[in-house]
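Visitor: I need the structure of the sequence given here:
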Amino acid sequence: MNTVDEYINSFDVRTREILHEIRKIIKETAPKAVESISYGMPAYKYNGTPLVYFAAFKNHIGFYATPQGHEKFSTELVNYKQGKGSVQFPIDKPMPLELIKRITHFKMEVCS
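Guide: Next up, the predicted model:
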């Protein structure tokens with residue numbers, strides 16, 4: 001896939017809705033971020049530095065804010081499955097859009 005639209009449109013209706021919401025939050029929070037596909041998923045760079053990525057899977061949305069974003073919000077992310085620089089938000093639970101917004105905003109500060 002070459003565009004974020006193609007990526008999002010490749011999923012079922014419910015997953016597409018979630019992905020559109022996440023994309024909207026990122027674009028509103030970081031309007032000058034450059035959107036692309038990287039590592040096969042939607043990716044955003046700010047000032048030439050990776051900002052955040054997201055990807056859909058069968059049961060979760062992966063959100064990747066590299067280690068700094070996850071370290072800063074570790075208390076709020078404690079109830080989610082995590083890896084180094086990644087967190088999994090279950091698709092069958094409310095998506096923490098406000099948290100995604102705050103993580104993205106924080107990462108913008110780091111990238112400035």
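
Visitor: Measure how far the longest strand that the chain contains is from the centre of its chain, please.
Guide: Counting residues, the longest strand found in the chain (DSSP state E) is strand 49-56. Centroid separation between strand 49-56 and its chain, computed with CA atoms, centre = their mean, to the nearest Å, is 5 Å.

Visitor: swap in stretch 48-68?
Guide: Counting by CA atoms, centre = their mean, stretch 48-68 comes out at 4 Å from the chain centroid.

Visitor: Between the two ends of it, what distance do you get?
Guide: Stretch 48-68 has an end-to-end distance of 17 Å (criterion: CA to CA, to the nearest Å).

Visitor: partners of the longest strand of the chain in the sheet?
Guide: Next to strand 49-56 in the sheet, as set by DSSP bridges, lie strand 41-46 (antiparallel), strand 60-64 (antiparallel).

Visitor: who are the neighbours of the least confident helix or strand in the chain by mean pLDDT, in terms of helices and strands?
Guide: When the helices and strands of the chain are scored by mean pLDDT, DSSP states H and E, helix 66-72 comes last with a mean of 83. Where contact means 3 or more CB pairs under 8 Å, 6 or more residues apart in numbering; DSSP states H and E, helix 66-72 is packed against helix 97-111. No exception for glycine: its C-beta is placed from N, CA and C like everyone else's.

Visitor: residues of the helix it packs on that come out buried?
Guide: Neighbour-count burial for helix 97-111, counted by 16 or more other CB atoms under 10 Å, picks out 99, 100, 101, 102, 103, 104, 106, 107, 108, 111.

Visitor: Okay, the residue lying closest to residue 60 once chain neighbours are set aside and residue 111: tell me how far apart.
Guide: Among residues not flanking residue 60 along the chain, residue 88 sits closest, at 4.1 Å (CB to CB, 6 or more residues apart in numbering). Distance from residue 88 to residue 111, counting by CB to CB, to the nearest Å: 23 Å.

Visitor: rewinding a little: closest one to residue 12 among the strands paired with strand 49-56?
Guide: strand 60-64 (13.0 Å; CB to CB).
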